[in-house]
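**Student:** How does the following fold in three dimensions:
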Amino acid sequence: MTVDAASTLTATLENEAATERFGALLADRLVAACDGNALVYLSGPLGAGKTTLVRGVLRRLGHAGAVKSPTSTLLEPYALSGQDAYHFDLYRVADPQELAFVGFEEILDGPGLKFIEWPERAAGWLPTPDVSVEIAVRESDEADEFVRDVHVEFHTV
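**Tutor:** Purely as a prediction, here's the structure:
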């Protein structure tokens, strides 16, 4: 993993456990850099590990229960000790106006951590993120294995 000043993090993650550990590191940085209030965009192909990364963040912040992809529910809220977190998955959103019906704007304007997978599905409608996470998947040197290259940029630091 590489840390460039206070504004970026990069890492190559070999598996799900490494992705969760990176999520824990990201949680620490979100609390320190953004006081635990941030809009975080997560971009990457299907199966890249976006939800796994969010699971690592939430576990680090004290959530002990299941963390599932909100693909079919659009939103999974989490009440953590001292703050709230919201995990959105916009993969199935056909029109960004659909988000107005679920109170999306109120959540974005409120406190807490807001993780948005597939933000490009609501491009032009979403505000500028505080943090962007990009995950690229590539084949590893090991047969039938894949690794994730992760780049995190803190825009508010």
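
**Student:** got a pLDDT number for A5?
**Tutor:** With respect to pLDDT, A5 scores 53.

**Student:** How about the one 10 residues further on?
**Tutor:** In this prediction, N15 carries a pLDDT score of 91.

**Student:** Distance of it relative to F146?
**Tutor:** Distance of N15 to F146, computed by Cβ to Cβ, to the nearest Å: 9 Å. Where C-beta positions appear, they are placed from N, C-alpha and C, glycine not excepted.

**Student:** Find the residue ranges of the chain scoring beneath the pLDDT cut-off.
**Tutor:** Flagging of the chain using pLDDT under 70 yields the residue ranges 1-6, 142-144, 156-157.

**Student:** Just the buried positions in the longest helix belonging to it, please.
**Tutor:** As assigned by DSSP state H, the longest helix anywhere in the chain is helix 16-34. Of all the residues in helix 16-34, those buried under the rule 16 or more other Cβ atoms under 10 Å are 18-27, 29-31, 33-34.

**Student:** likewise stretch 54-73?
**Tutor:** Buried, per 16+ other Cβ under 10 Å, within stretch 54-73: V54, R55, G56, V57, L58, R59, R60, L61, H63, V67, S69, P70.

**Student:** State the distance from L113 to V40.
**Tutor:** With Cβ to Cβ as the criterion, L113 and V40 are 7 Å apart.

**Student:** shared neighbours of those two, which are they?
**Tutor:** Taking Cβ atoms under 8 Å, 6 or more residues apart in numbering as the criterion, L113 and V40 both touch L30.

**Student:** Paired strands for the one helix or strand Y86 maps to, with orientation please.
**Tutor:** Using DSSP states H and E, Y86 maps to strand 83-89. Paired with strand 83-89 in the same sheet, following DSSP bridges, are strand 75-80 (antiparallel), strand 113-117 (parallel).

**Student:** Give me whichever of the ones you listed is most buried.
**Tutor:** Most buried of the strands paired with strand 83-89, by mean neighbour count (mean count of other Cβ atoms under 10 Å): strand 113-117, with a mean of 25.

**Student:** Helix 16-34 and that one, what's the angle between them?
**Tutor:** 130 degrees (axes from the mean of the first three to the mean of the last three Cα atoms, to 10 degrees).
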